[in-house]
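Novice: With the sequence up front, the predicted model follows.
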Amino acid sequence: MAKKNTSLWTILQTLVETPGPSGSEHVIREKIKAEIQGHADEVYTDALGNLIARKGTLKEGGKRIMISAHVDEIGLMITHVDDNGFARFLPIGGINPLTCLGGRVLFMNGTQGVIGMERLEKDEHPELAKYFIDTGATSKADSKVGVGDVCGFERPLLDLGKRVVAKSMDDRVAAAIAVEALKEVKPGVNELFFVFSVQEEVGIRGAITAAYGVDPEIGLAVDVTRTGDTPLGVKMEVALGNGPAIKVRDSSFIADPRVVKWMVNEAKAQKLPYQLEVLEAGGTDGAAMQRTRAGVPAGCLSIPCRYIHSPSEMVDRDDVENSVKLLVGLLGKPVSLG
């Protein structure tokens, strides 16, 4: 299938194929930094490791708007290597044991490995304590990884035509959307702060500190959300291909109704398809922005995504490209929340 926005999809492939679990975002941060150089008025990294790009200067009638897309991904951290070289681990973020067996991993030091599992008794359910990583080492002394080393899943991007599959679509697809929006949006009355936040998967930590530093008047997270369109799946009114989702609530925050209305009106003005999202479980950087300082009106632009927190997360091309259009439209003109 022809790619309408070649730049967007090139960026996305680079980002999803780059390792960067929570706390180890230095490589992915540098790739994003190189991509946005020359498109922002100021680019800096804060004390926690958030990459922040400011575009535009606040003018009369404008707002300080923070856009946050996290760049960390779920991963694993080594806790022990046994005498035979097999490495045990703890999860970084939410890891489903059912998605692990046979999975390939890539450590930040370049070492690769495969996830194996102990034999289970009849009717025994797999737990992460039963799993180990085999890096091909023949002994503990031969192992190229040790306690504290971090890895993520290793999978190349898979182009299925209208749909695209990769590990870490959560939340690299949002980071790619933010990068593209940063490039496309024209300076206006708003002062825009694009935050590529860290450590979201372990408690929205990066967005907490970034929001305090930026002190925005409006906060907008960009993240993936679950869908209700798979066989016997969760019941929710979000499906791949039906447009970007505008969050109403998740388990971490209730989106400001004024922000929801602003987003819906912009989608209607551009004649873009959109969906309203009510997510039973899960949270985003929107919660961090909403609670900073004296409070901030916050919302979230969500990209429908199947198989979240697995090594094969799926998004729809049209949803992704329409998310860029919606975000650019929101940021490029004066905002009145009423």
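Specialist: Looks like it came in fine. Numbers count the residues shown, from 1 in each chain.

Novice: now stretch 22-30, how far from the centre of its chain.
Specialist: Centre-to-centre, stretch 22-30 and its host chain are 13 Å apart (Cα atoms, centre = their mean, to the nearest Å).

Novice: so how far does it reach from one end to the other?
Specialist: The stretch stretch 22-30 measures 15 Å between its terminal residues, going by Cα to Cα, to the nearest Å.

Novice: do stretch 18-30 as well
Specialist: End-to-end distance for stretch 18-30: 11 Å, by Cα to Cα.

Novice: do the same with stretch 119-126
Specialist: Between the opening and closing residues of stretch 119-126 we find a distance of 9 Å, counting by Cα to Cα.

Novice: Contacts for that stretch, please.
Specialist: 97-98, 100-101, 117, 130 (Cβ atoms under 8 Å, 6 or more residues apart in numbering). To be clear about C-beta, it is placed using only N, CA and C from the backbone, and glycine gets the same treatment.

Novice: Okay, and which of those map to strands?
Specialist: Here DSSP state E is the test, and these give M117 as lying in strands.

Novice: Out of the contacts of stretch 119-126, flag the one nearest to R163.
Specialist: Comparing the contacts of stretch 119-126 against R163 with Cβ to Cβ picks out L98 as the nearest, at 21.8 Å.

Novice: So the nearest residue to that closest one once chain neighbours are set aside: helix, strand or coil?
Specialist: Leaving out its chain neighbours, the residue that sits closest to L98 by Cβ to Cβ, 6 or more residues apart in numbering is P126, at 6.8 Å. When the structure is reduced to helix, strand and coil (DSSP: H, G, I helix; E, B strand; the rest coil), P126 reads as coil.

Novice: P126: neighbour count?
Specialist: Residue neighbour count, defined by other Cβ atoms under 10 Å, stands at 15 for P126.

Novice: Report pLDDT for it.
Specialist: Reading off the per-residue confidence, P126 sits at a pLDDT of 90.

Novice: got it, and D123?
Specialist: pLDDT for D123: 86.

Novice: so how far is E42 from it?
Specialist: With distances taken as Cβ to Cβ, to the nearest Å, D123 is found 58 Å from E42.

Novice: Same drill for those two, tell me which one is more crowded.
Specialist: Neighbours per residue, other Cβ under 10 Å: of D123 and E42, the larger number sits with E42, 9 against 5.

Novice: measure that one to L220 for me?
Specialist: Using Cβ to Cβ, E42 is found at 19 Å from L220.

Novice: and if you look at A269?
Specialist: As for A269, its distance to L220 is 17 Å (criterion: Cβ to Cβ).

Novice: Who has more neighbours out of these two?
Specialist: In this comparison of A269 against L220, neighbours counted by other Cβ under 10 Å, the higher total goes to L220 at 27 against 11.

Novice: Am I right that that one is in contact with L330?
Specialist: Yes - judged on Cβ atoms under 8 Å, L220 makes contact with L330 at a distance of 7.2 Å.

Novice: Tell me which two in the contacts of stretch 119-126 are the farthest apart.
Specialist: For these, the farthest-apart pair by Cβ to Cβ is L98 and K130; their separation is 11.8 Å.

Novice: domain assignment for this protein?
Specialist: Per the record, the chain has its domains at 6-73+167-331, 75-153, by automatic domain parsing.

Novice: which residues in this protein form helices?
Specialist: 6-16, 26-36, 169-184, 205-214, 257-269, 285-291, 317-331 (DSSP state H).

Novice: Kindly provide the distance from the nearest residue to D170 once chain neighbours are set aside to D83.
Specialist: Residue nearest to D170 in three dimensions, not counting chain neighbours: V224, with 4.7 Å by Cβ to Cβ, 6+ apart. Noted for V224: a distance of 41 Å to D83, by Cβ to Cβ.

Novice: higher neighbour count, these two?
Specialist: Just comparing V224 and D83: by other Cβ under 10 Å the higher neighbour count belongs to V224, 23 against 8.

Novice: do you know how far the more buried one is from V43?
Specialist: Distance from V224 to V43, by Cβ to Cβ: 25 Å.

Novice: same thing with A174?
Specialist: When A174 is compared with V43 (using Cβ to Cβ), they lie 18 Å apart.

Novice: Those two: who's more crowded?
Specialist: Counted by other Cβ under 10 Å, A174 and V43 do not tie: A174 has more neighbours, with 31 against 17.

Novice: who are the neighbours in contact with the more buried one?
Specialist: Each residue near A174 by Cβ under 8 Å, 6+ apart is listed here: 69-70, 222-224, 301, 303.

Novice: Just send those residues back as JSON lines, with distance to L232 too.
Specialist: Conversion of these to JSON lines gives the following (distance: Cβ to Cβ, whole Å):
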{"residue": "A69", "distance to L232": "31"}
{"residue": "H70", "distance to L232": "30"}
{"residue": "V222", "distance to L232": "29"}
{"residue": "D223", "distance to L232": "25"}
{"residue": "V224", "distance to L232": "21"}
{"residue": "L301", "distance to L232": "28"}
{"residue": "I303", "distance to L232": "23"}
